[in-house]
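Peer 1: got a sequence here, can you build the structure:
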Amino acid sequence: MSIMIHLSIVFMLFSNALVDRVCHASSYSRLISSGVDHHLHSPINEQPLAKIAIHKTIIALHESASIRSNPLLLGFKGEDAEWVNVELEYLEASEDDWVGVFSPAKFNSSDCSSEAGNWPETPYLCTAPIKYKFANHSTVNYVETGKANLSFRIINQRADFAFALFTGGLEAPKLVAVSDPISFANPKAPLYPRLAHGKAWDEMTVTWTSGYNIDEATPLVEWGWKGQIKKLSPAGTLTFTRGSMCGPPARTVGWRDPGFIHTSFLKELWPNTMYEYRMGHMLSNGSIIYSKMYTFKSSPYPGQDSLQRVIIFGDMGKAERDGSNEYANYQPGSLITTDQLVSDLDNYDIVFHIGDLPYANGFLSQWDQFTAQVEPISSIKPYMIASGNHERDFPNSGSFYDTPDSGGECGVPAETMYYVPADNRAKFWYATDYGMFHFCIADSEHDWREGSEQYSWLEKCFASVDRQKQPWLIFAAHRVLGYSSNSWLANEGAFEEPMGRANLQKLWQKYKVDIALYGHVHNYERTCPIYQNQCVNLEISQYSGTVNGTIHVVVGGGGSHLSDFTEINTFWSLYKDQDWGFVKLTAFNHSSLLFEYKKSNDGLVYDNFTISRDYRDVLACVHDGCEPTTLAT
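Peer 2: Okay, here's the model as predicted:
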């Protein structure tokens, strides 16, 4: 094929509207890695897609370059993910050649958004790929032969895909070849279910993503007892636009249409009962496009005495199984934790992911990648989330922290993609019950200080629980509002987020919160039962009797790059581990709780303790933990 034909094809792909202004890609890197967030910012922590200066792309199609993929049709048998083989050839091959996966396949300048700055030349490209690999990733002699084969795992993301070969590296890319488009048989299919508790104990919500708007098809869930006749429940539909984003790159090179997010409320569930369900969309002709069938077990009645098991962790992130996007570099333990939890599905009942979910940082395609990654868990177990800095924070967006950590998302994708039983999902604090557990999930990216709206809500959440029926009171938030001997917090001299425990410890003490858990710091640490910087119980692994202090746990090693501990001796720290892992809480009955910290790489227990007590131990008065009394008769 002549180079002129190549050019005609490419300019057909990249024609349409030109753009007057576009934000410099390297400024996104600077923006994401600046601010006052505590994380140490080095290249390993940078969102891989932010390293691509896609707007600088030069169209330089070369007659000696070609790129082909197969198969061309994906999901023929209903699969939502398939492996695609990509063959490329380029006689002027170099070490910095790379292949980007673009979706939609027509990645032209018509979608460019004016955000900041004028450029002397209009870019031909202003949309980041959804993933990429260097051409020599799996072909060591690529530079010598000019030929390579790459394998990409492609998930259904509601549009077609094209593979593009670039030379010049990530900072000065030149497009030399583009493949023919490939697509899924039904790109609009209902996919990636996320279960979550509703606002009532006997209600489960099912949230999923599809390409069907309500003017094209009616969303629904078919569900019922396993093996019995099913019924249909309607679903609501939400989405968001580029205009909903607060800044770059979410408003610019990171933008990708999120499709439509549907939520159905399955109500009046029988406790401890197995249900089957599948998502569907009823077309105008009455036919229904269904997903595959899934199962879940409904929650126990609040206060019910039975075996109840909870998984908690933060900061997992996402990773690509095909090795793209610098696999095992950005969020190196993400798949390790995911796979460990998938392998152990029969041994827990509910999951709390307390902030920092995919670390998309404004590259919206990564939310699909994350929901697909956790789908084996979230489709079967309630997957409850909290808001983290990488979901919410952006300057002038109302975040408590004026940092750019969300990459312009300002909470919108998280609040739309996942349901939580909050009164207002933009204020991401909520309560939920699971049998003998009562959870108060805070939003550390909004003000929690005394006198704030969230503080008042937290007191109501703690005060509302009947400890005779639900003895295990758990507090969780993303940032460390309690205790951490992480190096950056120690350097600030606080061993906590400023104003954290100073404002909240009186509530933890008054309402006798058993355990407070946090993410944000990427390691594991457990404290003694503590109040006002003093250990109130010298026991290490077996606690009983009066609840006179709260145990604080950092469990932020879900998968992101690990954080260092300070060398300062923190007397209140009983166990530290710089590794990926998660916490498991097991309530055997109203008087016995087992806490376990497990490493993700082997699933074994490395730290544990038990709590044994009676209801009278919760009622017992402790310092700052009882109402004033009177001697009046």
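Peer 1: my guess is Asp180 contacts Ser69, does it?
Peer 2: Yes: contact criterion C-beta atoms under 8 Å: Asp180 and Ser69 qualify, at 7.5 Å. The C-beta positions use only the backbone N, C-alpha and C, and glycine is treated the same way.
Peer 1: those two: which has the busier surroundings?
Peer 2: A count of neighbours by other C-beta atoms under 10 Å puts Ser69 above the other of Asp180 and Ser69, at 22 against 14.
Peer 1: tell me the SS of that one?
Peer 2: The assignment at Ser69 comes out as strand when based on DSSP: H, G, I helix; E, B strand; the rest coil.
Peer 1: does it really touch Leu88, like I thought?
Peer 2: No: taking contacts as C-beta under 8 Å, Ser69 lies outside contact range of Leu88: 9.5 Å.
Peer 1: okay, and the helix or strand of this protein with the least pLDDT?
Peer 2: helix 25-32 (a mean of 26; mean pLDDT, DSSP states H and E).
Peer 1: after that helix, which helix or strand is next?
Peer 2: Once helix 25-32 ends, the next helix or strand along the chain (criterion: DSSP states H and E) is strand 58-59.
Peer 1: okay, now the sheet partners of that following strand, with direction.
Peer 2: strand 174-178 (parallel) (DSSP bridges).
Peer 1: got a list of contacts for the partner strand?
Peer 2: 6, 9-10, 13, 57-62, 65-67, 88, 90, 124-125, 162-168 (C-beta atoms under 8 Å, 6 or more residues apart in numbering).
Peer 1: do that again at 6 Å, thanks
Peer 2: 57-60, 62, 65-67, 162, 164-168 (C-beta atoms under 6 Å, 6 or more residues apart in numbering).
Peer 1: also stretch 269-280?
Peer 2: Applying C-beta under 6 Å, 6+ apart, the external contacts of stretch 269-280 come out as 190, 202, 208, 220-223, 226, 288, 290-291, 293-298, 300-301.
Peer 1: now do stretch 497-516
Peer 2: So stretch 497-516 is contacted by 449-450, 459, 462, 472-475, 479-482, 531, 547, 550-552, 618, 624-625 (C-beta under 6 Å, 6+ apart).
Peer 1: and if you look at stretch 608-615?
Peer 2: So stretch 608-615 is contacted by 468, 541-544, 591-596 (C-beta under 6 Å, 6+ apart).
Peer 1: then stretch 316-326?
Peer 2: 48, 131-133, 151-153, 327, 331, 334-335, 337, 358-359, 369-370, 373, 558-560.
Peer 1: among these, which are in strands?
Peer 2: 131-133, 151-153 (DSSP state E).
Peer 1: list the buried residues in stretch 585-597.
Peer 2: 585-588, 590-591, 593-597 (16 or more other C-beta atoms under 10 Å).
Peer 1: farthest pair in those?
Peer 2: His590 and Tyr597 (23.5 Å; C-beta to C-beta).
Peer 1: filter the ones in strands among the contacts of stretch 316-326 down to the buried ones, ChimeraX style.
Peer 2: In ChimeraX, the members of these classed as buried (16+ other C-beta under 10 Å) are selected with the following command:
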select :131,132,133,152,153
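Peer 1: what's the closest of the ones in strands among the contacts of stretch 316-326 to Gly519?
Peer 2: Lys131 (25.5 Å).
Peer 1: ranges for the helices of the stretch 301-450 of the chain?
Peer 2: With helices called from DSSP state H, counting those that start in this stretch, the stretch 301-450 of the chain shows them at 334-343, 365-378, 389-392, 412-417.
Peer 1: can you put those helices in CSV and add distance to Asp305?
Peer 2: As requested, the helices of the stretch 301-450 of the chain are arranged in CSV below (distance: least, C-beta to C-beta, whole Å):
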stretch, distance to Asp305
helix 334-343, 26
helix 365-378, 26
helix 389-392, 36
helix 412-417, 35
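Peer 1: for Leu195, find the nearest of the ones you listed.
Peer 2: Here helix 365-378 is closest among the helices of the stretch 301-450 of the chain (C-beta to C-beta), at 6.0 Å.
Peer 1: same for the closest one, what does it pack against?
Peer 2: Judged by 3 or more C-beta pairs under 6 Å, 6 or more residues apart in numbering; DSSP states H and E, helix 365-378 is in contact with strand 191-197, helix 334-343.
Peer 1: number of residues surrounding Asn141?
Peer 2: Neighbour number of Asn141 under other C-beta under 10 Å is 11.
Peer 1: ok, back up a step: pick the most buried one from the helices and strands packed on helix 365-378.
Peer 2: With neighbours defined as mean count of other C-beta atoms under 10 Å, those peak in mean count at strand 191-197, which reaches a mean of 24.
Peer 1: any idea how far that strand is from the chain center?
Peer 2: 13 Å (C-alpha atoms, centre = their mean, to the nearest Å).
Peer 1: each with direction, which strands does that strand pair with?
Peer 2: Short version: by DSSP bridges, strand 191-197 pairs with strand 204-210 (antiparallel).
Peer 1: the inter-axis angle of the partner strand versus helix 365-378?
Peer 2: Per axes from the mean of the first three to the mean of the last three C-alpha atoms, to 10 degrees, the angle that strand 204-210 makes with helix 365-378 is 140 degrees.
Peer 1: can you pull the buried residues of the helix or strand that strand 204-210 is followed by?
Peer 2: Following strand 204-210 in sequence order, the next helix or strand is strand 217-225 (DSSP H and E). By neighbour count with 16+ other C-beta under 10 Å, strand 217-225 contains the buried residues 217-223.
Peer 1: pLDDT added to those residues, as TSV?
Peer 2: Shown next, in TSV, are these (pLDDT from 0 to 100):
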residue	pLDDT
Ala217	98
Thr218	98
Pro219	98
Leu220	98
Val221	98
Glu222	98
Trp223	98
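Peer 1: Ala414: which of the residues you listed is nearest?
Peer 2: Scanning these for proximity to Ala414, where the rule is C-beta to C-beta, the winner is Pro219, at 20.5 Å.
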